[in-house]
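Engineer: this one's sequence-less:
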């Protein structure tokens, strides 16, 4: 099964909703806090070209930005 990466923020309610959806569907994923992890923040910007979270990445490709049309904006880590 492909590896999913969730880039998000603990203060973003949409990150929490995406996490809960992944857990409910029993999807394995690795989560990165882009507010405290500088390298993850840099990867997020390179992958998505934006500062919006949550971002879901599968096999190195962005498959979803935001949750149900909503997202949070984060600054540099």
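Structural biologist: Cool, the structure landed. Everything quoted here is computed from the prediction, not taken from an experiment. Residues are numbered from 1 along each chain as shown.
Engineer: how about the helices in this structure?
Structural biologist: 13-24, 38-48 (DSSP state H).
Engineer: what does the shortest one contact?
Structural biologist: Surrounding helix 38-48, the residues in contact under the criterion C-beta atoms under 8 Å, 6 or more residues apart in numbering are 7, 32-35, 51, 53, 55, 57, 60-62, 65, 74, 76-77. No exception for glycine: its C-beta is placed from N, CA and C like everyone else's.
Engineer: repeat for stretch 64-77
Structural biologist: Residues contacting stretch 64-77 (C-beta under 8 Å, 6+ apart): 9, 11-15, 17-18, 21, 34-38, 40-41, 48, 50-56.
Engineer: quick one: end-to-end distance for that stretch.
Structural biologist: 21 Å (C-alpha to C-alpha, to the nearest Å).
Engineer: go on, stretch 48-65?
Structural biologist: Distance between the boundary residues of stretch 48-65 (C-alpha to C-alpha) amounts to 8 Å.
Engineer: can you list the buried residues in it?
Structural biologist: Buried residues in stretch 48-65, counted by 16 or more other C-beta atoms under 10 Å: 48, 51, 52, 53, 54, 55, 56, 57, 62, 65.
Engineer: quick one: it to chain centroid distance?
Structural biologist: The chain centroid and the centroid of stretch 48-65 are separated by 6 Å under C-alpha atoms, centre = their mean, to the nearest Å.
Engineer: for it, what is the average pLDDT?
Structural biologist: For stretch 48-65, mean pLDDT is 96.
Engineer: same check, this time on stretch 8-17
Structural biologist: Mean per-residue pLDDT for stretch 8-17: 97.
Engineer: which residues touch it?
Structural biologist: By C-beta under 8 Å, 6+ apart, the residues outside stretch 8-17 that reach it are 6, 18-19, 31-35, 53-55, 66-68, 70-72, 74.
Engineer: equivalent analysis for stretch 18-33, please.
Structural biologist: So stretch 18-33 is contacted by 1, 3-10, 40, 43-44, 54, 56, 64, 67 (C-beta under 8 Å, 6+ apart).
Engineer: got a quick PyMOL command for the buried subset of those residues?
Structural biologist: In PyMOL syntax, the buried subset of these is picked out as below (16+ other C-beta under 10 Å):
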select buried, resi 4+5+6+7+8+9+40+43+44+54+56+67
